[in-house]
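no FASTA, just this:
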């Protein structure tokens, strides 16, 4: 296990965890797909990890897995001079159904942009 990885038992068989990442490496990956964001890279990496894990267990579903994430839904115009946040939870596809890592990032970027533009 990596020195920067933490897993904690949550009882009843559940676990949560997190791992650090080098932001410069994440930005380099982002640069490979025009229009991609750091968040797109994070979602694509999570999707790749989940794909690898589930495929190894022969439990990879045909449809993509999704992840819920908080997003700021306050427009820039509404933010001018206003205090506070306007937070919503959006479900993003992880593209676990896409095998190629760069194609997975392209897919996540395209779908995430479509979802965020609809808010």
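Cool, got the structure. Since the structure is predicted, the reported quantities are computational estimates derived from the model, not experimental observations. Numbering: from 1, shown residues only.

packing partners of the longest helix along the chain?
Using DSSP state H, we find that the single longest helix of the chain is helix 38-56. Applying 3 or more C-beta pairs under 8 Å, 6 or more residues apart in numbering; DSSP states H and E, one finds that helix 38-56 contacts helix 23-31, strand 66-72, helix 101-117. Any C-beta I mention is one placed from the backbone N, CA and C, and that applies to glycine too.

switch to 6 Å and redo it
Contacting helix 38-56 under the criterion 3 or more C-beta pairs under 6 Å, 6 or more residues apart in numbering; DSSP states H and E are the following elements: helix 23-31, helix 101-117.

what angle sits between the longest one and helix 23-31?
Calculated by axes from the mean of the first three to the mean of the last three C-alpha atoms, to 10 degrees, helix 101-117 forms an angle of 80 degrees with helix 23-31.

name the surrounding residues that touch helix 101-117.
Contacting residues not belonging to helix 101-117 are listed as 33, 35-36, 40, 43-44, 47-48, 90, 92-93, 95, 98 [C-beta atoms under 6 Å, 6 or more residues apart in numbering].
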